[in-house]
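Peer 1: this one's structure only:
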């Protein structure tokens, strides 16, 4: 069966420090991968999605970047964190090439607090 | 572009009450529609889905019908339980794209009183 892992689960970082959140998927090949952010009191915002190694689409200009160094690994990074980067970050995957109801499976999330 | 609009929360109901959470969408194509649920402290999980007009998705006593004429996908449950307390998200994806961006509404927090 497929599983998705995110870490770390909780992170407290000072303003200006770097960030690296990692997501890996097991039990499937060639998935679509996604990073979403859920800020306090707000909805779910799509940040990045990827259809293959090295292929990243950015949805919102911001202080973050994403990379996909391996087929089932998706990394969210920042060189210098801002206060506004605080939030709950969710990684998700879906089946590539499935046209129709493209269902997302989410990880448990990473809560980032920038102080 | 595509968008999803949900009713503002929080919604507070007593146990066994009838629930409706409104969702409307704007899409250029023929989207698939979803409801996801986020229980406290957890990630999101799929609740139900519908892929074409007049389809009804259902799961765990929840239902939603894809209404193309009103561009709506309202979530309903006849008798809610305390365990239904969660945040509910309406979402859509483009049916004809395998690498689809999946767009979510802002979420509706539901609290059920015993």
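Peer 2: Noted; the coordinates are in hand. Predicted model, so just to flag it, every value in this text is computed and none were measured.
Peer 1: can you pull the pLDDT of residue A:42?
Peer 2: Turning to residue A:42, the model gives it a pLDDT of 69.
Peer 1: does residue A:62 really touch residue A:47, like I thought?
Peer 2: Yes: using C-beta atoms under 8 Å, residue A:62 makes contact with residue A:47 at a distance of 7.4 Å. All C-beta spots, glycine's among them, are computed from the backbone N, C-alpha and C.
Peer 1: more neighbours: the two, which one.
Peer 2: It is residue A:47, of residue A:62 and residue A:47, that has more neighbours when counted by other C-beta atoms under 10 Å in any protein chain shown, with 20 against 15.
Peer 1: tell me the helix or strand right after the strand or helix carrying that one.
Peer 2: If you go by DSSP states H and E, residue A:47 is part of strand A:44-52. Sequence order places strand A:55-58 as the next helix or strand after strand A:44-52, per DSSP H and E.
Peer 1: tell me what that next one is packed against?
Peer 2: strand A:44-52, strand A:65-70 (3 or more C-beta pairs under 8 Å, 6 or more residues apart in numbering or on different chains; DSSP states H and E).
Peer 1: mind listing what's buried along the first one?
Peer 2: Read that as strand A:44-52. By neighbour count with 16 or more other C-beta atoms under 10 Å in any protein chain shown, strand A:44-52 contains the buried residues A:44, A:45, A:46, A:47, A:48, A:49, A:50, A:51.
Peer 1: give the partner strands of the host helix or strand of residue B:57 in its sheet and their orientations.
Peer 2: Assignment of secondary structure by DSSP H and E places residue B:57 within strand B:56-59. Its sheet considered, strand B:56-59 pairs with strand B:62-65 (antiparallel) by DSSP bridges.
Peer 1: residues near residue A:115, how many?
Peer 2: Quick note: residue A:115 (other C-beta under 10 Å) scores 10 neighbours.
Peer 1: so what's it closest to, chain neighbours aside?
Peer 2: Once flanking residues are discounted, residue A:115 sits nearest to residue A:14: 5.8 Å by C-beta to C-beta, 6 or more residues apart in numbering or on different chains.
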